[in-house]
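> sequence unavailable; structure follows:
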């Protein structure tokens, strides 16, 4: 009985973080893509997801600060993307899955530099 109880609590402790991690499908629309030119304002190099903030003009010309969700630090480092890959003030083109709510947040699919060179890519090819 004691071993069963210890095993149960062990599974509970190990399994709790797995349940707590949410899927992106509830927040982002993976069937829709937005594409915009923006200027990097911040790169928040942190776990569980690196966040990139960038200013872009909306349809009316108003500047909107987008919060762009990426992968974790370890995954980005493995693909050659580092803390200083993007610089504040750098102009980029972003392709991302936007928030279902319409808020200016999105999960990154691709980022291109002003020269058109791909800087970051997730999720395979995009027909845009």
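Looks like it arrived, so ask away. Worth saying up front: this structure is predicted, and the values here are computed from it rather than measured.

> all contacts plus neighbour counts: C-alpha atoms, from now on.
Noted.

> which parts of this structure are helices?
For the chain, the helices defined by DSSP state H cover 2-20, 73-78.

> and those helices, which one is worst for confidence?
The stretch with the lowest mean pLDDT among the helices of the chain is helix 2-20, at a mean of 43.

> excluding chain neighbours, what is closest to residue 71?
residue 49 (5.0 Å; CA to CA, 6 or more residues apart in numbering).

> tally of neighbours for the one you found?
17 (other CA atoms under 10 Å).

> so what's it up against?
69-73 (CA atoms under 8 Å, 6 or more residues apart in numbering).

> would you tell me which strand is longest in this structure?
strand 34-44 (DSSP state E).

> which elements pack onto that one?
Judged by 3 or more CA pairs under 8 Å, 6 or more residues apart in numbering; DSSP states H and E, strand 34-44 is in contact with strand 51-57, strand 91-98.
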